[in-house]
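> return atomic coordinates for the entry below.
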Amino acid sequence: TEEKKKLILDSIRGIPDFPKKGILFWDVTTIMLNHTAFQYTIDLFAEHYKDQKIDVVAGFEARGLIFGAPLALALKAAFVPLRKPGKLPGATVSEEYVTEYSTDKIEMHVGAIQEGQRVLLVDDLIATGGTLNAGINLVHKVGGVVVEAACVIELPFLQGRDKIKGTDLFVLVEKEGA
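Model prediction:
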């Protein structure tokens, strides 16, 4: 497991001053350039959640969709995309949130998550916790049960875990940065 995590960690590149000056952006898209690292990412998540009776995996736009969809298949669960406003064609329910550099909103289709369904939230990274907290609130709003949140990367220095108290967080690797 540690060797797998090291390959994942080594496959992530840092891009300084993106999306704005002073931010070090950890780019997980480079994991997908190495099919082994990408497979390990999904395998480690699937192993962790295989016995937790997940009904729905909900992945955040954009990179949470990349990891969430194959994880849902591995868990034999439904997949629900959590999208930015205006991206979904049907009626939606939404939740606003603040990130480390913007204010935004996520949406999902009405009826995508049913009352009582066990939901796993998936994103590429937890920084300040704003996005995950919005997802937790959105799932609760429609009566779903958040089992846990899963991220490839955690930036512990930004203390995002503090914002999602009451929801367990599983991460594969940690990164530091400005």
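
> who touches residue 11 in this structure?
Contact partners of residue 11, counting by CB atoms under 8 Å, 6 or more residues apart in numbering, are 30, 31, 33, 34, 37. (Each C-beta comes from the backbone N, C-alpha and C, glycine too.)

> PyMOL command for the buried members of those?
Selecting just the buried residues from the contacts of residue 11 in PyMOL takes one command, with 16 or more other CB atoms under 10 Å as the test:
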select buried, resi 30+31+37
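
> ok, so of the contacts of residue 11, who is nearest residue 118?
Nearest to residue 118, judged by CB to CB, of those is residue 31 at 26.6 Å.

> how about the closest one, what does it touch?
8, 11, 12, 37, 38, 41, 152.

> now for those residues, which pair is the farthest apart?
The two members of those with the most space between them (CB to CB) are 12 and 38, at 11.6 Å.

> residue boundaries of the strands in this protein?
Under the criterion DSSP state E, the chain contains strands at 13-16, 24-27, 56-60, 78-82, 92-98, 103-109, 118-126, 145-154, 169-174.

> closest to residue 48 out of those?
Where the strands of the chain are weighed against each other on CB to CB, the nearest is strand 169-174, at 5.7 Å.

> in the closest one, which residues are buried?
For strand 169-174, a neighbour-count test (16+ other CB under 10 Å) marks 169, 171, 172, 173 as buried.

> also stretch 49-66?
For stretch 49-66, burial by neighbour count (16+ other CB under 10 Å) applies to 49, 54-61, 63-66.

> repeat for stretch 153-165
Across stretch 153-165, burial judged by 16+ other CB under 10 Å covers 153, 154, 155, 158, 160, 161, 163, 164.

> and residue 35, what's its pLDDT?
With respect to pLDDT, residue 35 has a value of 97.

> distance of it relative to residue 160?
If you measure residue 35 against residue 160 using CB to CB, to the nearest Å, the figure is 29 Å.

> go on, residue 133?
Taking CB to CB as the measure, residue 133 falls 9 Å from residue 160.

> so who does the residue nearest to residue 154 when sequence neighbours are not counted touch?
Leaving aside its sequence neighbours, residue 154 sits nearest to residue 171 (CB to CB, 6 or more residues apart in numbering; 4.1 Å). When contacts are counted by CB under 8 Å, 6+ apart, residue 171 touches 126, 150, 151, 152, 153, 154.

> I figured the second one was touching residue 52, is that so?
No - the pair formed by residue 150 and residue 52 falls short of the contact definition of CB atoms under 8 Å, at 10.7 Å.
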